[in-house]
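S.K.: Fold the following, please.
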Amino acid sequence: MIERLLYFKIQKRLFKGKAITLFGPRQAGKSTLIESLLKNNDHLYLNGDEADVREMLYNTTSARLKAIAGSMEKRKLVFHQHS
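M.R.: Numbers count the residues shown, from 1 in each chain. Okay, here's the model as predicted:
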């Protein structure tokens, strides 16, 4: 992987209680960058390109979101990918 300045900028901002949004053109390395950041952290990965994940998150209730988050007891990161 090409070392990217964004890697270190994002890494510095992890666990600060904020959401981090990464966007850009297709095939720019966004997923590769995020995967490298997540590989040493316990995380929940939700791929919005998968129909079951889209269905789970579409028109959801707060109770359902709490149930999803409840499956994260020890995880501190949630990664949601959607194209």
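
S.K.: Show me where the protein has its strands.
M.R.: For the chain, the strands defined by DSSP state E occupy 43-47, 77-81.

S.K.: Comparing those by mean pLDDT, which bottoms out?
M.R.: Per-stretch mean pLDDT for the strands of the chain is lowest at strand 77-81 (a mean of 64).

S.K.: buried set for stretch 24-32?
M.R.: Going by neighbour count (16 or more other Cβ atoms under 10 Å), the buried part of stretch 24-32 is residue 30. (Glycine included, C-beta is placed from N, CA and C.)

S.K.: what's the span of it, first residue to last?
M.R.: Distance between the two ends of stretch 24-32: 13 Å, counting by Cα to Cα, to the nearest Å.

S.K.: to the chain's geometric centre, what's the distance from it?
M.R.: 14 Å (Cα atoms, centre = their mean, to the nearest Å).

S.K.: Please apply the same query to stretch 54-74.
M.R.: That offset, for stretch 54-74, works out to 14 Å (Cα atoms, centre = their mean).

S.K.: now it: mean pLDDT?
M.R.: Average pLDDT, stretch 54-74: 78.

S.K.: do stretch 19-34 as well
M.R.: For stretch 19-34, the mean pLDDT works out to 85.

S.K.: quick one, what contacts residue 56?
M.R.: Residues in contact with residue 56 (Cβ atoms under 8 Å, 6 or more residues apart in numbering) are 64, 68.

S.K.: tell me the helices in the protein, going along the chain?
M.R.: Listed in chain order, the helices of the chain (DSSP state H) span 5-13, 30-38, 51-57, 62-70.

S.K.: For the shortest one, what is the distance to the chain centroid?
M.R.: What that stands for is helix 51-57. Once both centres are worked out by Cα atoms, centre = their mean, helix 51-57 turns out to sit 15 Å from its chain's centre.

S.K.: The first one now?
M.R.: The chain centroid and the centroid of helix 5-13 are separated by 15 Å under Cα atoms, centre = their mean.

S.K.: How about residues contacting that helix?
M.R.: 20, 22, 33, 36-37.

S.K.: relative orientation of that helix and helix 30-38 in degrees?
M.R.: Relative orientation of helix 5-13 versus helix 30-38 (axes from the mean of the first three to the mean of the last three Cα atoms, to 10 degrees): 40 degrees.
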